[in-house]
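>>> requesting a structural model of the entry that follows:
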Amino acid sequence: MIKRDKYIAKLIDSKNNGFPKVVTGVRRCGKSYLLTDMFYNHLQESGVSEECILIIDLDSDKNANLRTPIELGNYVRHYCNGKKSCYVILDEIQRVDTIINPAYTGGEIVLAKPNDENTISFVDVILGLSKEKNIDLYVTGSNSKMLSSDIVTEFRDKATNIHLMPLSFEEFYEYVGGSKTEAIYEYLQYGGMPLAVLKKSSEKKDYLKGLFNTTYFKDIIEHNNLKKSEALDELCNILSTCVGQPINSKKIADAYKSVTKKNIDDETVTRYINFFVDAFLLKEVKRYDVKGRKEIGAQRKYYFVDTGLRNARLDFVFPDEGQLIENTIYNELIYNGYSVNVGTYEAVEKDENGKSLRTNYEIDFYAKRDNRIYYIQACADVSDARTKNREVKAFNLLRDPIEKILVVNRPILATRDESGYTIIGLTDFLLEYIK
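This next block holds a predicted model:
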């Protein structure tokens, strides 16, 4: 069985805290399985009797009658009535319809339209049930009604949000075992979407490519009332080729025009990128002036939530190893609780004629967790001296005590070079160094 111990620990820590626990994450990353199997097993093993655990799969036709908010709320309260403590798991909560308050319809159930007022939705059910003293509530949701911006807007400080990612490399390797070298190459190519990991190699590509057309694009189009997916599809392809590169909307718009021979304005590009971020497919990373100690500039970097999904957009053709390494390092840092920025600073140097020049330097990652702070550069290999010198050049003018790390995709034990920089192999960095 694939383990998700870090997320189970978060659920355990938040038990009976008075807030509903809302599990979010990109579609098909394992939210339902986390609650209805793994957390359910924990509850039973910790001594909770089966009658004090209520799981409602709202995606099942058996529970179609509970897809109106009032019916669902009444059913849960009735089930938990008389029990000292009841753990309630509502899976696929987005299947609950939004209705007009029956007080305004003569008691009839009338589905609400987008601009209707006096409505009751799944949000009201969640907040209402969470106020019952004998109910500890856990919720999962998918598709267009449960995107990140909705969670922030609707629940604010009224819920505990547990964000689930696809399998980290740590979780992936714990499951597959064997050679770390073979494991990292498979992970870089196919990523950690749970069902992809469980499929045969011959089936992984079709599954990952199909997720975009049958799931992700459909959700984004529905949620944002888009009429077609052509621009969305092409912009996603362009972003896939730009992983780890500093970009802005104009650069993407120019690339779109070059590929499609059609114009797209910067504002539209920004909106579409935000659609991907809201659907948890992309993560935005801001630039941070490591000397001025502040976030700066309009340029951003973007990383995919999963390298397999990124590669699926490019039909798994000639994936750039350096980009995949960067993407994997970023995801693993986030998984391990680091805040991450792109490091940048400006330096004044003399050219060969003695003229002063201002040069901007960039560091792949400025990562911070509590009192641990790292500058991190990532590359495929540094066996060539010129490659190494290029990668560490951004370190050379920094005189602060922050540890400087060069991560390479080779089985190299952590060592210090003549400049005091740490050089370490990718798998050891992911599995041990940043823990």
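>>> can you give me the helices in the stretch 201-350 of the chain?
201-211, 217-224, 230-241, 249-260, 266-278, 307-313, 321-335 (DSSP state H, counting those that start in this stretch).
>>> ugh, typo on my part, it should be the stretch 51-200 of the chain
69-80, 122-130, 148-155, 169-176, 180-190, 194-198.
>>> report the inter-axis angle for the second one versus helix 69-80.
Helix 122-130 runs at 20 degrees relative to helix 69-80, counting by axes from the mean of the first three to the mean of the last three Cα atoms, to 10 degrees.
>>> so which elements touch helix 122-130?
Applying 3 or more Cβ pairs under 8 Å, 6 or more residues apart in numbering; DSSP states H and E, one finds that helix 122-130 makes contact with helix 69-80, strand 86-91, strand 135-140, helix 148-155. In short, each C-beta sits where N, CA and C put it, glycine included.
>>> out of the ones you listed, which comes closest to residue 428?
Of all the helices and strands packed on helix 122-130, it is helix 148-155 that lies closest to residue 428, at 32.5 Å by Cβ to Cβ.
>>> re the thing from before, JSON lines for the helices and strands packed on helix 122-130, including mean pLDDT?
Below are those laid out as JSON lines (pLDDT from 0 to 100):
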{"stretch": "helix 69-80", "mean pLDDT": "97"}
{"stretch": "strand 86-91", "mean pLDDT": "97"}
{"stretch": "strand 135-140", "mean pLDDT": "96"}
{"stretch": "helix 148-155", "mean pLDDT": "64"}
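>>> now those in CSV, with distance to residue 103 and mean neighbour count?
Below are those laid out as CSV (distance: least, Cβ to Cβ, whole Å; neighbours: other Cβ atoms under 10 Å):
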stretch, distance to residue 103, mean neighbour count
helix 69-80, 11, 18
strand 86-91, 24, 23
strand 135-140, 24, 25
helix 148-155, 21, 15
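>>> wait, which of these is closest to residue 343?
Per Cβ to Cβ, nearest to residue 343 of those: helix 148-155, 25.5 Å.
>>> ok, which of the helices of the stretch 51-200 of the chain comes nearest residue 295?
helix 148-155 (19.5 Å).
>>> which residues does stretch 8-25 contact?
31, 34-35, 38-39, 42, 85, 126-127, 129-130, 136-141, 146, 148, 151, 155, 158-165, 280 (Cβ atoms under 8 Å, 6 or more residues apart in numbering).
>>> just the buried residues of those residues.
Neighbour counting with 16 or more other Cβ atoms under 10 Å marks 31, 34-35, 38-39, 126-127, 129-130, 136-141, 146, 148, 151, 155, 159-160, 162-165, 280 as buried within the contacts of stretch 8-25.
>>> helix or strand: which one has residue 8?
helix 5-13 (DSSP states H and E).
>>> buried stuff in that helix?
7, 8, 10, 11.
>>> distance to residue 207 and pLDDT for those - can I get that in TSV?
Shown next, in TSV, are the buried residues of helix 5-13 (distance: Cβ to Cβ, whole Å; pLDDT from 0 to 100):
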residue	distance to residue 207	pLDDT
7	22	98
8	25	98
10	28	97
11	27	98
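>>> among those residues, which one sits closest to residue 181?
For those, with residue 181 as the reference and Cβ to Cβ as the criterion, the closest is residue 7, at 27.4 Å.
>>> I figured that closest one hits residue 34, correct?
Yes - counting by Cβ atoms under 8 Å, residue 7 does reach residue 34; the two are 5.8 Å apart.
>>> pull up the overlap in contacts between these two.
With Cβ under 8 Å, 6+ apart, residue 7 and residue 34 have common neighbours residue 164.
>>> can you put the helices of the stretch 201-350 of the chain in a markdown table and add mean pLDDT and distance to residue 121?
Supplementary listing: the helices of the stretch 201-350 of the chain in a markdown table, determined by pLDDT from 0 to 100; distance: least, Cβ to Cβ, whole Å:
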| stretch | mean pLDDT | distance to residue 121 |
| --- | --- | --- |
| helix 201-211 | 94 | 27 |
| helix 217-224 | 86 | 15 |
| helix 230-241 | 92 | 26 |
| helix 249-260 | 93 | 33 |
| helix 266-278 | 92 | 18 |
| helix 307-313 | 95 | 30 |
| helix 321-335 | 96 | 30 |
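>>> for those, which one sits closest to residue 288?
Closest among the helices of the stretch 201-350 of the chain, using Cβ to Cβ: helix 321-335, at 13.9 Å.
>>> list the buried ones in that closest one?
322-335.
>>> count the neighbours of residue 207 for me.
With neighbours defined by other Cβ atoms under 10 Å, the count for residue 207 comes to 17.
>>> shaky segments in this protein?
Counting by pLDDT under 70, the ranges of the chain that qualify are 143-153, 318-319.
>>> hmm, what's the outermost residue in it?
No residue in the chain sits farther from the centre than residue 353, which is 48.4 Å out by Cα atoms, centre = their mean.
>>> please report phi then psi for that one.
phi -100, psi 10 (degrees, to the nearest 10).
>>> ok, it to residue 361 distance?
21 Å (Cβ to Cβ, to the nearest Å).
>>> repeat for residue 159
Counting by Cβ to Cβ - residue 159 and residue 361 are separated by 41 Å.
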